[in-house]
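Q: predicted model and sequence follow; I will ask about them next.
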Amino acid sequence: MINMGRENLDVITFTLYLKALVCGAATNFQRWITL
């Protein structure tokens with residue numbers, strides 16, 4: 001149970017990190033295009 005919860009937390013953290021990474025990349029890309 002504890003391991004499962006920890007794995008779930010890792011997945012959620014990884015997903016959030018991935019989303020932030022994509023959002024940051026998109027922002028930088030837009031900035032680069034406007035420049």
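A: Structure received.

Q: and the helix or strand where residue 10 lies, which residues are buried?
A: If you go by DSSP states H and E, residue 10 is part of helix 2-34. Of all the residues in helix 2-34, not one is buried under the rule 16 or more other C-beta atoms under 10 Å. C-betas here are computed from N, CA, C, even on glycine.

Q: just how off-centre is it within its chain?
A: Chain-centre distance of helix 2-34: 0 Å, with C-alpha atoms, centre = their mean, to the nearest Å.

Q: how close does residue 11 sit to residue 27?
A: Relative to residue 27, residue 11 is positioned 25 Å away (C-beta to C-beta, to the nearest Å).

Q: residue 18 now?
A: For residue 18 relative to residue 27 (C-beta to C-beta), the value is 15 Å.

Q: now do residue 9
A: 27 Å.

Q: residue 12 now?
A: In terms of C-beta to C-beta, residue 12 sits 23 Å off from residue 27.

Q: again with residue 15
A: To residue 27, residue 15 is 19 Å away according to C-beta to C-beta.

Q: cool, residue 17 as well?
A: As judged by C-beta to C-beta, residue 17 and residue 27 stand 16 Å apart.

Q: now do residue 16
A: 16 Å.

Q: could you list the low-confidence segments of this protein?
A: Applying pLDDT under 70 to the chain flags residues 1-4, 35.

Q: try 80
A: Scanning the chain for pLDDT under 80 picks out 1-5, 35.

Q: list the contacts of residue 21.
A: Listed by C-beta atoms under 8 Å, 6 or more residues apart in numbering, residue 21 has no contact partners.

Q: cool, residue 33 as well?
A: By C-beta under 8 Å, 6+ apart, residue 33 lies in contact with nothing.
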